[in-house]
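Q: have a look; sequence and predicted model below, questions after that.
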Amino acid sequence: MSVRLAAAQLTRGAAAVLVFLMISPASAQNAPPSDQARPDLMPSAQKSGAPGGRAATPASPAVAEQHRLPPDSTTKQTLALSDRTLAFTATAGSIRLFDEKGEPQADIAYTAYQLDGTDPATRPVTFFFNGGPGAASAYLQLGAAGPWRLDINGEAAIPSAPPDLQPNAETWLDFSDLVFIDPVATGYSRFVASGDEVRKRFFSIDGDVSSIAVTIRRWLEKSGRLLSPKFVVGESYGGIRGPKIIRNLQVQQGVGVKGLIMVSPLFDFREFTGSSVLQFVGRLPTMAAVAREAKGPVTRADMADVELYARGEFLADLVKGEADTEATTRLADKVASFTGIDPAVTRRLAGRLDAMEFRREYDRKDGKVTGRYDASVMGLDPYPDSSSFHFSDPSGETLIAPLTSAVVDLTRRKLNWRPDGSYRLLNGEVEKAWDFGRGISPAQSTSQLREILALDPKLKVLVGHGLFDLATPYFASKILLDQLPAFATPERVKLVVYPGGHMFYSRDASRRAFRAEADSMMKQDK
């Protein structure tokens, strides 16, 4: 889940170099691997902060062992479904990362599910990570693809809902083995080195990408799966991570990937906020979809007229500027007709509604606000009489309690892995500390998306969005994907849009449809 986007920090500078290396935490000596000088290991992210800051303090063996996660736990599991039974091996464990000097840096936790009785050389394996930055992978594991699923839709999406996991009939385990990765400081993943510098390195665009890419490579080596067809799934800020990780795997790790699957991604911060008029173009179809869904079911096909207007007359009037009062009044009134918001409000805002304004104004008369992750979800405004915004997300924060309890119980009881310390489903401190870079180039992964498609003509990309997602609107991705070169054919790069929000997979029909798309992608590569 989860773009917890720090929109005020949208640029990046030049990268410094850090090399991470990993081995199995079950290794008796816990020594870094002997190939730490290999040229295919990755450069890491830039180091932020003022010159002369406190350097990272290498972790002594005693300190590193004090923070170590427990040995991997491997169990045999059986999933009994109405039409089939799946026997599989589950492993909850971690991979330790080292720097170029062989000093331990962090333990990255993962949960892997491998179907029994299959050929590892031909059996696909898929790696999942969420976004944030600062989100653990439980959203994708328990909401979409894992063997067990938690209901996170409707009345089940409240903090006091029982965190009861049920067999997931839509698990992806039927057609791929699954590895869910929690970046450092999310889930049970943790730093083992002390000092600030290691955190600055990991909490940066390129350092984060490097750590996940090496985690993937080391898991493949550790599990004997280098020959398997490989796929990568990223959600939300995973749209920044995904193409960059594939690029890193291709040219730094020596690992080829068959397909990239993006769930509600953000690819480019340049048009996300600030003064860009394209942010209003990308957001308008989502706002209109919310208004139409209140009157009855709506699909992407039903939004064709809004999409046409958004990239045509709406954009033309926007670029004329607010000084053109005729154009501004015209677009403001059209926005009111699409969204149902009072024309007096849309005229006051010059037809340029940001997400927060829409969320409050959509049903302000009843003292309600919409969700950010799913704007079709309504909640009460705790301060309806305030002139400022003082409300949270009724479609996002409500999930933290049940998901956290469910994943902790699954890990500790069913998978028999019992780390000490707290599990962090959503760690806000990561976003606050994140270095998006400095300079004139905002964070984006469209460059790497072009590069990975150009480098490997067989690589395929699947992008899935929810109609009612205000965090990462589907039409913004549509505009971006339309700018790719001709080699990014519809057969190679596919956009699918379903009823639902950021976690559109919480809706049964949308989850089933997206699973079928992923299954089809992987079968086509056999």
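A: Good, I have the coordinates.
Q: please count neighbours and contacts with C-alpha atoms only from this point.
A: OK.
Q: pairing partners for the longest strand seen in the chain, with directions?
A: Determined from DSSP state E, the single longest strand within the chain is strand 85-98. Paired neighbours of strand 85-98 in the sheet (DSSP bridges): strand 21-23 (antiparallel), strand 73-80 (antiparallel), strand 104-115 (antiparallel).
Q: got those as JSON lines, with distance to residue 435, mean pLDDT and mean neighbour count columns?
A: As requested, these are exported to JSON lines (distance: least, CA to CA, whole Å; pLDDT from 0 to 100; neighbours: other CA atoms under 10 Å):
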{"stretch": "strand 21-23", "distance to residue 435": "22", "mean pLDDT": "34", "mean neighbour count": "27"}
{"stretch": "strand 73-80", "distance to residue 435": "34", "mean pLDDT": "97", "mean neighbour count": "16"}
{"stretch": "strand 104-115", "distance to residue 435": "18", "mean pLDDT": "97", "mean neighbour count": "25"}
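Q: mind checking which of these is nearest residue 140?
A: For residue 140, the closest of these is strand 104-115, at 11.9 Å, according to CA to CA.
Q: who's in contact with the nearest residue to residue 420 once chain neighbours are set aside?
A: Nearest residue to residue 420 in three dimensions, chain neighbours excluded: residue 69, at 7.7 Å (CA to CA, 6 or more residues apart in numbering). Applying CA atoms under 8 Å, 6 or more residues apart in numbering to residue 69 gives the contacts 25, 93, 94, 107, 419, 420.
Q: in TSV, list the residues you listed along with distance to residue 223.
A: Listed next are these as TSV, based on distance: CA to CA, whole Å:
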residue	distance to residue 223
25	13
93	12
94	13
107	17
419	22
420	25
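Q: still on that earlier bit, what secondary structure does the residue nearest to residue 420 sit in?
A: Following DSSP: H, G, I helix; E, B strand; the rest coil, we place residue 69 in the coil state.
Q: check what pLDDT it gets.
A: On pLDDT, residue 69 comes in at 93.
Q: any stretches of the stretch 151-300 of the chain with poor pLDDT?
A: Scanning the stretch 151-300 of the chain for pLDDT under 70 picks out no residues.
Q: give me that answer again for 90
A: Residue ranges of the stretch 151-300 of the chain with pLDDT under 90: 151-163, 194-196, 269-276.
Q: would you map the strands across it?
A: 166-167, 177-182, 190-191, 230-235, 259-263 (DSSP state E, counting those that start in this stretch).
Q: distance between the last one and the chain's centre?
A: What separates the centre of strand 259-263 from the centre of its chain is 10 Å, taken as CA atoms, centre = their mean, to the nearest Å.
Q: parallel or antiparallel, which strands does that strand pair with?
A: Take DSSP bridges as the rule and strand 259-263 pairs in its sheet with strand 230-235 (parallel), strand 460-466 (parallel).
Q: quick one: closest of those strands to residue 357.
A: Shortest distance between residue 357 and the strands paired with strand 259-263, using CA to CA, is found for strand 460-466: 20.1 Å.
Q: next SSE after that closest one?
A: helix 474-481 (DSSP states H and E).
Q: just the angle for that next one relative to strand 460-466, thanks.
A: In terms of direction (axes from the mean of the first three to the mean of the last three CA atoms, to 10 degrees), helix 474-481 departs from strand 460-466 by 160 degrees.
Q: pull out the buried residues from helix 474-481.
A: 474, 475, 476, 477, 478, 481 (16 or more other CA atoms under 10 Å).
Q: per-residue confidence at the fifth one?
A: Among the per-residue scores, residue 478 holds a pLDDT of 97.
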